[in-house]
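J.: Sequence plus the predicted model coming up.
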Amino acid sequence: MRRVIQAHVEGGSLRGISRRVNLAYNTVVTLVRATSKKGQMIHNGNVENIKTSQVSSDEFWSFVQKKQKHCHMNELTEGDCWIGMT
C-alpha cells in the first residue's frame, strides 16, 4: 500500500502504478480513494476557522461553467465560475 500511495503522490498514473506494483487497476483505485478520504477527514478535523490576510499559491486555475449573462431565469445559480488553488 505504501508504494501505491508514494507513486500516486509523485504523480504516477493509476494504470502505471498498477503495472509497477503488480496489483489490479481497481485495487490501486480503491487504495488511492480510501487514503484520500482518510486524509481529507484528518485535514477537516484539524483545520478550522483559519483567518488570514494573504494567501500564497503554487497553482491557480479557473472554470467557467456558463456565463451568467447566458443563463435563463431558472438557471441563476448556474452561471459564472469557480477558482481553485493549491
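T.: Everything's here; your move.
J.: For the residue nearest the centre of the chain, give me its contacts.
T.: The residue lying closest to the centre of the chain (CA atoms, centre = their mean) is Ser36, at 8.9 Å. Ser36 makes no contacts at all, as judged by CB atoms under 8 Å, 6 or more residues apart in numbering. Where you see a C-beta, it was placed from the backbone N, CA and C, and this is true even at glycine.
J.: So which bits of the host helix or strand of it are buried?
T.: Remark: Ser36 resides in helix 25-46, with elements defined by DSSP states H and E. Of the residues in helix 25-46, Val28, Leu31, Val32 count as buried by neighbour count, 16 or more other CB atoms under 10 Å.
J.: quick one: which of those is nearest to Gly11?
T.: Taking CB to CB as the measure, Gly11 sits nearest to Val32 out of the buried residues of helix 25-46, at 12.4 Å.
J.: Go ahead and confirm that closest one touches Ile5.
T.: Yes - when contacts are counted by CB atoms under 8 Å, Val32 is listed as touching Ile5 (7.1 Å).
J.: ok but Trp61 is inside a helix, no?
T.: No - counting by DSSP: H, G, I helix; E, B strand; the rest coil, Trp61 is not found in a helix; it is strand.
J.: Could you measure from it over to Leu31?
T.: Computed as CB to CB, to the nearest Å, the Trp61 to Leu31 distance reads 27 Å.
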